[in-house]
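1. no FASTA, just this:
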Ligand code: ADP
C-alpha cells in the first residue's frame with residue numbers, strides 16, 4: 001500500500017517496479033474515481049437517476065472490479081489473466097452509460113480507461129484492436145438489442161464511440177510498443193557496455209603494466225593493482241600515503257630526485273605526451289626501474305578529459321642489459337692488450353727481409369685476421385661503454401683528409417683481399433667534431449666495403465660538398481643488402497640475411513655505433529643497396545666555416 005501511495009502521491013517509484021496486484025489497482029483506480037465523480041454530479045443533477053437499476057449496478061460492478069484487483073493474487077496467475085479486468089470495465093461503463101441516458105451524455109467515453117489499459121499492456125496491436133472493437137461494440141449495441149426493435153441506422157449511429165475508442169487504442173498501442181522496443185535497445189546497450197567494462201577491468205588487472213588515469217583536474221580516477229604496487233614502492237619509508245611531491249622518483253641511473261614540475265604525472269597532466277621515459281621509484285633493494293608513457297584523452301565533444309599513464313617495470317631488463325654491457329666491456333678490454341701485441345709483432349716480422357714469400361703471405365693473413373678481431377673487440381668495447389661518459393672533444397677537421405687516411409689504413413687489408421680502393425676527392429671539407437668518432441665511422445664503412453666484397457672488386461671513396469653538408473660516400477661492388485634488412489642494419493647486433501648466409505664473421509655493432517656518432521654530430525648515415533650489385537653508404541656531416549658549424553651559422557643568420 002505504501003508503494004502505491006508513493007506512486008500516486010509522489011511518483012517516486014517506477015510503475016513497472018510495483019507488484020502485479022498494485023499495478024492492477026492503480027490501473028483500475030482512475031475509472032472508479034471518475035465514476036464516483038459522475039455519481040456526485042448526478043446526485044445534484046438528477047437524484048432520481050441514481051436509483052435506476054442499470055446505473056446502480058454499473059457502479060456496483062465497478063466497485064467489485066476494484067475489489068477483484070486488490071484481492072486476486074495476480075502474481076500467481078498467468079500474466080494475461082489481468083486483461084479480464086479492463087474487459088469487465090466495459091460492462092461497468094456500459095451499465096452506467098445506459099442508466100444515465102437522457103441525463104448525462106458522453107459517458108461511453110469512460111471506456112477510454114480500459115482501452116488505455118489494454119493498449120498499454122504491450123500486447124500485439126492486432127489483439128488490442130480486436131479486443132477493444134469487440135468490447136466497445138458489445139457495450140453500445142447490447143442495450144439496443146435488449147430493448148429490441150431498434151432501426152438499423154440507430155446501430156450505425158452508435159458506432160461513433162467504438163470508432164473513437166479503437167483510434168485511441170491504436171495510437172496508444174503504437175506508442176507503447178515503440179517505447180518497449182526502445183527500452184529493450186537501451187537495456188541491450190547497457191548490458192553490452194557493462195560487459196565491455198568488465199572486460200576492460202579484467203584486462204587492466206591482468207596486464208603486468210601499471211595504469212593510472214587522471215582527470216583534467218589532476219585527480220586520480222583509476223589505478224590498477226600493478227600501479228598501486230609501484231606507488232607503494234615510491235612512498236617514503238614508513239609512509240602509508242604521500243602527495244606526488246614527496247614520492248621518491250629518481251632519474252634513472254642517478255640518485256637525483258626529479259623536481260616536481262618535471263615529474264611524469266604533472267607533465268602528462270599539462271598535456272605533454274611521454275614516450276618510454278625511464279625513472280627509478282623508491283630506494284634500496286626494493287627500488288624499481290620503470291618506463292613511463294602517457295597520452296591525453298578527449299571526451300565526445302573533443303575537450304581534454306584526462307590522461308592515461310602506463311608504467312612498465314623494466315628493473316630486470318635494465319639489470320640484464322647492464323650486466324651484459326659490463327661483461328662485454330670487461331671481456332673486450334682483456335682481449336685488446338694481447339691482440340695489440342700480436343698485431344705489433346706480426347707487423348714487425350713482416351719487415352724482416354729474410355722471410356720467404358709463403359711465410360710472408362701467411363703472416364699477412366694472420367695480421368689481417370688479428371686486425372679484424374681487434375676491430376670487433378673495439379666495437380664491442382665502444383658499444384658497452386657508450387653513454388656512460390661520452391668524453392667528446394670537438395675540433396675542426398678536414399673530412400676529405402680523414403677519408404684519405406682511412407684509405408691508407410685499409411690499404412694492407414685491401415691488398416691482401418685483392419680489392420682496389422679509389423678516392424674521388426673534391427677538395428677540403430671542414431667539419432667540427434670528435435676525431436676518434438669520425439675516424440671510427442670511416443674505418444667501419446671502408447672495412448665493411450672490403451669485408452663484404454670479393455677479390456677483384458672496386459671500392460670507391462667519394463667526398464664532396466652538398467649545400468651545408470660535407471658528404472662522404474663509400475661505394476662497393478659487394479654482396480649487397482636485401483631491402484627488408486636495410487632499416488635494421490643500423491640497430492645493434494643486427495646483421496643482414498645476406499651477411500649471415502655468406503658466413504662472413506661480424507658483430508652487427510659497427511654500423512649502429514657509426515650511426516649514433518653521426519647523429520651526435522648533427523649528421524646522418526644512410527645506405528642504399530642492391531643484392532649482388534653493391535652498396536653505397538653516405539655519411540653527411542654539417543660543414544664548418546672558419547670554425548663555425550653550419551648549424552650555428554644557420555641559427556645566427558635566421
Ligand atoms: P658487422 O660486424 O656484422 O659487419 P656492422 O654493424 O658493421 O656489423 O654491419 C651491420 C650489417 O650490415 C652487417 O652484418 C652486414 O649484414 C651489413 N653490411 C654493412 N656494410 C655492408 C656492405 N658494405 N655490404 C653489404 N652488407 C653490409
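-> Sure thing, it's come through. Not measured: the values here are computed from a predicted model. Numbers count the residues shown, from 1 in each chain.
2. from now on I want contacts and neighbour counts done on CA atoms only, so please keep to that.
-> OK.
3. residues from this structure in reach of the ligand?
-> 448-449, 452, 478-481, 489, 495-496, 499, 506-512, 535 (CA under 6 Å from any ligand atom).
4. any stretches of the protein with poor pLDDT?
-> 1-14, 385-392, 545-558 (pLDDT under 70).
5. domain-wise, how is it divided?
-> 2-189, 208-313, 319-383, 395-557 (automatic domain parsing).
6. including distance to residue 196 and mean neighbour count, could these go into TSV?
-> What follows is the domains of the chain, written out as TSV (distance: least, CA to CA, whole Å; neighbours: other CA atoms under 10 Å):
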stretch	distance to residue 196	mean neighbour count
domain 2-189	10	17
domain 208-313	16	17
domain 319-383	38	15
domain 395-557	39	18
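7. let's have those domains in a markdown table, adding distance to residue 202.
-> Shown next, in a markdown table, are the domains of the chain (distance: least, CA to CA, whole Å):
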| stretch | distance to residue 202 |
| --- | --- |
| domain 2-189 | 20 |
| domain 208-313 | 10 |
| domain 319-383 | 30 |
| domain 395-557 | 36 |
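8. now for the helix or strand in which residue 266 is found, which elements pack on it?
-> Per DSSP states H and E: residue 266 is located in helix 264-269. If you count contacts as 3 or more CA pairs under 8 Å, 6 or more residues apart in numbering; DSSP states H and E, helix 264-269 packs onto strand 288-298, strand 304-313.
9. looking at this, residue 149 is in a helix?
-> No - Residue 149 is assigned coil when assessed by DSSP: H, G, I helix; E, B strand; the rest coil, not a helix.
10. and it, how far from residue 325?
-> For residue 149, the distance to residue 325 equals 115 Å [CA to CA, to the nearest Å].
11. show me the residues of the chain next to the ligand that map onto helices.
-> 448, 449, 499, 510, 511, 512 (DSSP state H).
12. for the ligand, what's the nearest residue on the stretch 51-200 of the chain?
-> residue 200 (42.6 Å; CA to the nearest ligand atom).
13. for that residue, the count of nearby residues, please.
-> For residue 200, the neighbour count with other CA atoms under 10 Å is 12.
14. excluding its backbone neighbours, what's nearest whatever residue of the stretch 251-400 of the chain ends up closest to the ligand?
-> Residue of the stretch 251-400 of the chain nearest the ligand, by CA to the nearest ligand atom: residue 376 (6.6 Å). Leaving aside its chain neighbours, residue 376 sits nearest to residue 507 (6.6 Å; criterion: CA to CA, 6 or more residues apart in numbering).
15. which residues sit in contact with the one you found?
-> Under the criterion of CA atoms under 8 Å, 6 or more residues apart in numbering, the neighbours of residue 507 are 376, 380, 493, 494, 495.
16. one more time with 10 Å, if that's ok
-> 375, 376, 377, 379, 380, 492, 493, 494, 495 (CA atoms under 10 Å, 6 or more residues apart in numbering).
17. save those as CSV, and put in secondary structure too.
-> Formatted as CSV, these follow (three-state DSSP):
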residue, secondary structure
375, helix
376, helix
377, helix
379, helix
380, helix
492, coil
493, coil
494, coil
495, coil
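18. identify, from those residues, the entry nearest to residue 223.
-> Of all these, residue 492 has the smallest distance to residue 223: 36.1 Å, by CA to CA.
19. so who does the closest one touch?
-> Residue 492 neighbours (CA under 10 Å, 6+ apart): 383, 507, 508, 509, 510, 511, 512, 513.
20. just residue 403 next, same as before
-> 409, 423, 425, 438-439, 442-443, 446, 461-463, 472-474.
21. let's see that with 8 Å instead.
-> With CA under 8 Å, 6+ apart, residue 403 has these contacts: 442, 461, 463, 472.
22. one step back: got the phi and psi for the residue nearest to residue 376?
-> As for residue 507, its main-chain torsions (degrees, to the nearest 10) stand at phi -110, psi -20.
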